[in-house]
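Trainee: kindly return the folded structure for what I paste below:
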Amino acid sequence: MSTPVLLGLGMIAVGVAGRYITRNMNAGSMQKLFSISGLSGSKYYRGGFEQNMSRREAALILGVSQQSSKNKIRDAHKKIMILNHPDKGGSPYLAAKINQAKDILESNKN
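Mentor: Down below sits the predicted model:
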């Protein structure tokens, strides 16, 4: 019987302490806390598509390195197109960008 009471009191204490900490921190230290804990979402690319697709952007779209082999590029393209094909409810715009990324990475141009 006392275990649920102690558990409830512990949860209240954690909630009050968390609220106190967040209210007394300024915005800079809060941003620093998120960047340290990995909650900033920095592992994902932020931003839209470039005007002219670069090799870097093409590699980001397909999830491969810029120097990947043609087989690895084709495998990545196939996996992404299966998930994003317009006939299966995907976006025609994204499908065009995925195809463009494959073409850029497979070409020998820089």
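
Trainee: what's the mean pLDDT across stretch 79-96?
Mentor: Mean per-residue pLDDT for stretch 79-96: 91.

Trainee: check the protein for its longest helix and report it.
Mentor: Scanning the chain for the longest helix, with DSSP state H as the assignment, gives helix 2-24.

Trainee: give me the helices and strands touching it, please.
Mentor: Helix 2-24 sits against no helix or strand, with contacts defined as 3 or more Cβ pairs under 8 Å, 6 or more residues apart in numbering; DSSP states H and E. Bear in mind the C-beta positions are built from the backbone N, C-alpha and C, glycine included.

Trainee: mind running it again at 10 Å?
Mentor: In this structure, helix 2-24 packs against helix 27-37, with contacts taken as 3 or more Cβ pairs under 10 Å, 6 or more residues apart in numbering; DSSP states H and E.

Trainee: next secondary structure after the helix it packs on?
Mentor: Heading C-terminal from helix 27-37, the first helix or strand you meet, by DSSP states H and E, is helix 55-62.

Trainee: next, the buried residues of that next one.
Mentor: Burial within helix 55-62, assessed by neighbour count using 16 or more other Cβ atoms under 10 Å, is assigned to 57-59, 61-62.

Trainee: M53 and L62 touch, don't they?
Mentor: No: M53 is not in contact with L62 according to Cβ atoms under 10 Å; the separation is 11.3 Å.
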